[in-house]
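**Q** please find the sequence and the predicted model below.
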Amino acid sequence: MLVGPTASGKSAYALEIARRVPGLELVSVDSMQVYRRMDIGTAKPSAQEQEEIPHHLIDLVEPDVPFSLVDYQTAYAAAQLEIRKRDSVPLLVGGTGLYLRAIIDELTPPPRFNDIAVELESDGDTESLHKRLQELDPVGAARMEASNRRRIVRALEVTLGTGKPFSSFGPGLDNYPKVPYRIIGIDISREDLDRRIRNRYLQQMEDGFLDEVRTLSDYELSHTAAQALGYKELLCHLRGETSLDEALEVAVQRTKRFARRQQRWFRRDPRVEWMRRDEIGGLINEISSQ
């Protein structure tokens, strides 16, 4: 498994490893690459790269179709079966930490309560929602940042729907059992990551990101797809709510904050073996020689 924050270079390294190791197939662990038509903004592998090396769990549903953690687990199980039938080896690559934990730790997500979720989403004050969670489930609230709206809403949905604290379900994300996987994390400085995030947006705009987002305006995007980094801001621009420069700057800053959360998430996992970008070459040599 190759993990790390967005724009850290995971996909490029994974491709290089797969090119040098026969029988290796790549499995995306990315909650946004599952959506068709969302290619440039999600840094999806190109059609040529996907033809060169088998890729899995990309382009699974249209952007107006809801896609859950359970859906991902189901799709992963099917992909894993295909890979095994070919006697190949999967290399998981991505930055959606919860999806990764769901796979390697076989998490069983709590039930959904859509009506409650809709009601909670109508409250735009994330801070007040977090305070509400602190009252109902202080343990669960302490495990998440007060700005992480998606997790807060989900925790409240489960707590209100079941009548039990969200933190009472399963062994909890603070439990890190042994797994039969080697997990490599890309260690990158904040300054380098910030620079790569900004440069990637500039390149994506040159590649036609705005036109890609324009085609999505015909869709009623699912809740998850609508939160995709960059897409939300450019859609605001296309609706005339902000200038293009303002939209891009908001996207850059939002992505930086998201990358920080990813780094903190993976840093908490003691099973991750951290390597600097200049050490990845040695890892590739090691894997290809085995």
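**A** Everything's here; your move.

**Q** ok, now which ones touch the residue nearest the centre of the chain?
**A** Geometric centre of the chain, nearest residue: residue 96, 2.7 Å, by Cα atoms, centre = their mean. By Cβ atoms under 8 Å, 6 or more residues apart in numbering, the contact set of residue 96 is 29-31. To be clear about C-beta, it is placed using only N, CA and C from the backbone, and glycine gets the same treatment.

**Q** ok, 10 Å please
**A** 3, 6, 28-34, 69, 72, 102, 262, 265 (Cβ atoms under 10 Å, 6 or more residues apart in numbering).

**Q** and it, what pLDDT?
**A** Looking at residue 96, its pLDDT is 95.

**Q** check the offset of the strand or helix carrying residue 50 from the chain's centre.
**A** In the assignment (DSSP states H and E), residue 50 maps to helix 47-52. In terms of Cα atoms, centre = their mean, to the nearest Å, the centre of helix 47-52 is set 21 Å apart from its chain centre.

**Q** partners of the following helix or strand past that helix, with directions?
**A** Toward the C-terminal end, the helix or strand that comes next after helix 47-52 (DSSP H and E) is strand 55-56. Note on strand 55-56: by DSSP bridges, its sheet partners are strand 24-29 (parallel).

**Q** how about the CA coordinates for the strand it pairs with, as CSV?
**A** Extracted in CSV, the C-alpha atoms of strand 24-29 (Å, rounded to 0.1, in the frame of the first residue of the first chain):
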residue,chain,number,x,y,z
LEU,A,24,1.4,-6.0,-10.2
GLU,A,25,-2.1,-4.3,-10.5
LEU,A,26,-3.0,-0.9,-9.1
VAL,A,27,-6.1,-0.4,-6.9
SER,A,28,-7.3,3.1,-6.3
VAL,A,29,-8.2,4.1,-2.8
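
**Q** and the average pLDDT for that strand is what?
**A** Mean predicted lDDT for strand 24-29 stands at 97.

**Q** I figured residue 267 hits residue 185, correct?
**A** Yes: between residue 267 and residue 185 there is a contact under Cβ atoms under 10 Å: 8.1 Å.

**Q** between the two, which contacts overlap?
**A** Counting by Cβ under 10 Å, 6+ apart, the residues touching both residue 267 and residue 185 are residue 274.

**Q** more neighbours: the two, which one.
**A** Higher neighbour count among residue 267 and residue 185: residue 185, with 21 against 12, using other Cβ atoms under 10 Å.

**Q** ok, the helix or strand that one falls within: who's next to it in the sheet?
**A** Using DSSP H and E, residue 185 falls within strand 183-187. Strand 183-187 has its sheet partners listed here by DSSP bridges as strand 2-3 (parallel), strand 272-276 (parallel).
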